[in-house]
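Asker: this one's sequence-less:
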């Protein structure tokens, strides 16, 4: 039987390349089709709703240990998303693509988190190696995501939409065949044994939104989805505008930034587990807050000479924060004996996304000025990001707290 770690890294690696090939460029594609900030915000809000709807289906399949269908669905939905974005026009098709985007995010990211959590729980290593394991995962993602971005940027810049679809189709077909082999399915099915089935059943209940623990996880979960989409949509759009609206230049900027950060990131991920976690996290949150202030300044009149050094600095601050936060999240999830913690993050984060970006769409409709909206959003969220401090260190979790770390009824 193939090891779970092999399945995890292959699954995450293939999807990382596919994301770089096209989904990474979604905000750029929308912008090129004359979508305003309001329309992009609405697209993100509908993505959150699509995620929430799809998560109910994912939970049913997980409880049935139907990993063949979970894996196949993640690849097929990604292909349908790519096709819908490149070959359809009009608002109704755009909104349908947003729902597909949410479904893809659900099946990929939820599956990835559950696989990673099961891999760390099922290993013989101590909990304090989670940071290193996540760092190894990030290095793989960085390499394949950026290769996908370069390939996608080149093909889109050449107007080769059909080539993007064909590459996606070939990778999807090969991946489905490989992951549907009995050895892979048997390995993936062990996840249910390691984590246990979802103890709350397959249907979502209002208890999900009453989730509480001593780490203020619910507050942070609501917040984190918002920041993730601001990074992956609006910050990417800001970089696109800085790159003079050239898809190829955007790809080069992203890849160059990654190369510069990879060396620093390699040394950090090998040491983060041995550092004082509370101090590291406090420092990471402060730097993250500063990064949003720098983003706001970049959208204003900062001279060209300083733009790219500032972009590198923002990239470092964000990467350092994400490594620290995800170590904390998976260490916390590791202490729980079910998937409740992982699913709670998905439900609460996507609810926050749907509400926040729906409200942002209304604000943007009233202003409808990119140069005004984005700096305002970045400045407002700079101090708001300090709320991450509420996420206390999981190493303080007691045995009694572990037994109580469940969705409240």
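Answerer: Great, that's in hand. None of these values were measured; they are calculated from a predicted model. Residues are numbered from 1 along each chain as shown.

Asker: going forward, measure contacts and count neighbours with C-alpha atoms only.
Answerer: Fine.

Asker: give the buried residues for the longest helix that the chain contains.
Answerer: In terms of residue count, the longest helix belonging to the chain (DSSP state H) is helix 304-334. Residues of helix 304-334 classed as buried by neighbour count (16 or more other CA atoms under 10 Å): 307-308, 310-325, 327-334.

Asker: can you check stretch 236-243 too?
Answerer: So, applying 16+ other CA under 10 Å, buried residues of stretch 236-243: 236-243.

Asker: report the rounded mean pLDDT for it.
Answerer: The average of the pLDDT scores along stretch 236-243 is 86.

Asker: pull the residues that contact that stretch.
Answerer: Residues outside stretch 236-243 that contact it (CA atoms under 8 Å, 6 or more residues apart in numbering): 27-28, 246-247, 249-250, 253, 299.

Asker: ok, 6 Å please
Answerer: 249-250 (CA atoms under 6 Å, 6 or more residues apart in numbering).

Asker: output the below-cut-off pLDDT ranges for the stretch 1-150 of the chain.
Answerer: Low-confidence regions of the stretch 1-150 of the chain, defined by pLDDT under 70, span residues 1-2, 121-135.

Asker: what are the ranges of the helices in it?
Answerer: Applying DSSP state H, counting those that start in this stretch to the stretch 1-150 of the chain gives helices spanning 4-21, 26-32, 37-63, 67-87, 91-105, 111-122, 130-157.

Asker: what distance separates the second one from the centre of its chain?
Answerer: Spelled out, that is helix 26-32. 18 Å (CA atoms, centre = their mean, to the nearest Å).

Asker: check the last one too.
Answerer: A distance of 13 Å separates the centroid of the chain from that of helix 130-157, by CA atoms, centre = their mean.

Asker: that one vs helix 4-21, what angle?
Answerer: Interaxial angle of helix 130-157 relative to helix 4-21 (axes from the mean of the first three to the mean of the last three CA atoms, to 10 degrees): 30 degrees.

Asker: how big is the angle separating helix 130-157 from helix 111-122?
Answerer: Going by the same axes, to 10 degrees, helix 130-157 makes 160 degrees with helix 111-122.

Asker: check the fourth one too.
Answerer: Put simply, helix 67-87 runs at 150 degrees to helix 111-122, going by the same axes, to 10 degrees.

Asker: which other helices and strands does helix 67-87 contact?
Answerer: Here helix 67-87 touches helix 91-105, going by 3 or more CA pairs under 6 Å, 6 or more residues apart in numbering; DSSP states H and E.

Asker: and the helix it packs on, what's buried?
Answerer: For helix 91-105, the buried set under the neighbour-count rule, 16+ other CA under 10 Å, comprises 94-105.

Asker: got a pLDDT number for residue 379?
Answerer: pLDDT, residue 379: 91.

Asker: please identify the helix or strand for it.
Answerer: In this structure, residue 379 sits in helix 370-384 according to DSSP states H and E.

Asker: tell me the mean pLDDT for the longest helix of the chain?
Answerer: Here helix 304-334 scores 83 as its mean pLDDT.
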